[in-house]
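Generate coordinates for the sequence data below:
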Amino acid sequence: MRIAINCRCFLKKQFTGVGRYAFNLVRCLSEIDQENEYFLYAPKDLFDFKRQFPKVGVRNFHVKGDLFRQGPDRILGAIDIYHAPCPEFVTVKEAKVIVSIHDLVYKAYPQGHNHATIDITDRQLQNIVECADKIICSSQSTLNDLQKYFEVDSRKLCVIYLGMNLDEFAPLRNDEHCKAKNTILKKGVEEPYLLFVGTIEPRKNLQNLLKAFAILKEKNRFKGKLVVIGMKGWNSDGLATMVEELGIKDRVIFPGFVTNEELRFFYTLSAALIMPSFYEGFGFPIVEAFNCGTPVVTSMTSSCGELAADCALTIDPHDVEGLAQSMERILYDDRLREHLKQKGFKRAQDFSYYHTARQTLQVYQEVYNKVLLTR
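The predicted structure follows:
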């Protein structure tokens, strides 16, 4: 097969979760597949020095730069499969097209997007539904949302979970405990603490988490801190006022930006990860915490409950009292904590990038086989 992958989402040095997915998909495919020919489509302007062409260094992987925005058909030539790891308008005519869709948050939380963004995303997804030959959804929840909001042939759809680097987020070694404790201490954090990880915006449900945490304080059931790690998103300005009004200003810490190594330390030393999101396309922090041996409380909604399965305490994200009770339970039930740690660690093994790459390669082959049947 001659397979092209659009690499635009990881051409910058710093890239988001989708870029991380695409980068690691390419990396793992280069390690597991020496038979097929790969063409890494890299659209970037001639004088755009912030973006760099990908470097793979494997004989069957070839970089195809598009410096003048000529489009994939003209740059790639004859290919069998074109894979867009994130949504884009389908313009390729000379190959079978596969598109990965990670969430429909603009539908679930339209108030976080302007009308222009909603309109273009709607048109883009409608185009994908009509023109793509296969659509990879990063969770069953995302697949269900796609069917809810669009008329789409179910035969086009499949679920392939995103992966993670299991070595990057892993339990502490014996020789790392001192470094980890010193690292979080420099951020103003001491044990014990509960942890939240995610962009600070309404769909993450941080407001209800703060209310639940305030309940624990009022009952004198937890003397530790709540650590909130994440960049500020839209409509997050009122949180500081809320923290003050709830009387927990001295108990909530916002460390700001942390590296992946620091984040691993925060996971492994925390009493639990609390992730009560209203909506997630794919909840990376759940899987990262699992692999660090950290117990998790999360929502039963969207992909959160799906990823957690029976390896976490799941709650109704609207139920503040129920969230507080689950937080208290995971703090004081040692047998439950250990049970969830063991189950979570085992569950995390299902989310290797290599699993993602192998399943994606199977989809390439499936689509290609249909091409052969029509010839």
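
At which residues are the strands of the stretch 201-350 of the chain located?
Under the criterion DSSP state E, counting those that start in this stretch, the stretch 201-350 of the chain contains strands at 225-229, 252-253, 272-275, 296-299, 313-315.

So what touches the fourth one?
Contacts of strand 296-299 from elsewhere in the structure, counted by C-beta atoms under 8 Å, 6 or more residues apart in numbering, are 205, 272-278, 280, 283, 286, 289-290, 304-305, 308, 311-317, 323, 326-327, 330, 340, 344. In this view, the C-beta of every residue, glycine as well, is placed from N, C-alpha and C.

just the buried members of those?
Taking 16 or more other C-beta atoms under 10 Å as the criterion, what is buried in the contacts of strand 296-299 is 205, 272-278, 280, 283, 286, 289-290, 304-305, 308, 311-315, 317, 323, 326-327, 330, 340, 344.

For Ile135, see how far away the closest residue to Phe213 other than its chain neighbours is.
Once flanking residues are discounted, Phe213 sits nearest to Leu226: 4.9 Å by C-beta to C-beta, 6 or more residues apart in numbering. According to C-beta to C-beta, to the nearest Å, Leu226 stands 38 Å off from Ile135.

could you pull out the helices for the stretch 1-150 of the chain?
Shown for the stretch 1-150 of the chain, the helices assigned by DSSP state H, counting those that start in this stretch span residues 17-32, 72-76, 105-108, 115-131, 140-149.

residue ranges with poor pLDDT in the stretch 151-300 of the chain?
233-236 (pLDDT under 70).

could you redo the last one with a cut-off of 50?
For the stretch 151-300 of the chain, no stretch is flagged by pLDDT under 50.

As a check, name the ranges of all helices in it.
177-186, 206-218, 239-245, 260-269, 284-291.

Now do the fourth one against helix 177-186, angle only.
This points to helix 260-269. Helix 260-269 runs at 100 degrees relative to helix 177-186, counting by axes from the mean of the first three to the mean of the last three C-alpha atoms, to 10 degrees.

Equivalent analysis for the last one, please.
Going by the same axes, to 10 degrees, helix 284-291 is angled at 150 degrees with respect to helix 177-186.

Put the alpha carbons of helix 284-291 into CSV.
C-alpha atoms of helix 284-291 as CSV (Å, rounded to 0.1, in the frame of the first residue of the first chain):
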residue,chain,number,x,y,z
PHE,A,284,-6.2,11.5,28.8
PRO,A,285,-5.8,12.3,32.5
ILE,A,286,-7.8,9.2,33.5
VAL,A,287,-5.5,6.9,31.6
GLU,A,288,-2.3,8.7,32.7
ALA,A,289,-3.4,8.5,36.4
PHE,A,290,-4.3,4.8,36.0
ASN,A,291,-0.8,4.1,34.7
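
Check whether Ala309 really touches Lys346, as I assumed.
No. Ala309 is beyond contact range of Lys346, at 10.3 Å (criterion: C-beta atoms under 8 Å).

Would you quantify the distance from Glu218 to Tyr368?
Counting by C-beta to C-beta, the gap between Glu218 and Tyr368 amounts to 61 Å.

Counting neighbours, go ahead and name the busier of the two.
Neighbour count, other C-beta atoms under 10 Å: between Glu218 and Tyr368, Tyr368 has more, with 18 against 12.

For Glu35, see how far away Val363 is.
For Val363, the distance to Glu35 - C-beta to C-beta - is 16 Å.

of these two, who's got more company?
Val363 (19 against 8).

you'd agree that one is up against Lys156?
No. Using C-beta under 8 Å, Val363 is not in contact with Lys156; the gap is 11.0 Å.

tell me, what's touching the two both at once?
With C-beta under 8 Å, 6+ apart, Val363 and Lys156 have common neighbours Lys134.

Can you give me the domain assignment for the chain?
Using automatic domain parsing, the domain parsing of the chain gives 2-163+353-374, 174-350.

Among those domains, show me which one is buried the most.
Ranked by mean neighbour count under mean count of other C-beta atoms under 10 Å, the domains of the chain are led by domain 174-350, which reaches a mean of 19.

Off-centre distance for that one?
Put simply, domain 174-350 sits 16 Å off its chain's centre (C-alpha atoms, centre = their mean, to the nearest Å).

And stretch 74-87, by the same measure?
Between the centre of stretch 74-87 and the centre of its chain there are 24 Å (C-alpha atoms, centre = their mean).

So what touches it?
Contacts of stretch 74-87 (C-beta under 8 Å, 6+ apart): 1-6, 9, 18, 21-22, 25, 39, 41, 64-66, 72, 90, 92, 94-102, 121, 124-125, 128, 360, 364, 367-368, 371.

Can you check the distance spanned by that stretch, start to finish?
Criterion C-alpha to C-alpha, to the nearest Å; first-to-last residue distance in stretch 74-87 is 20 Å.
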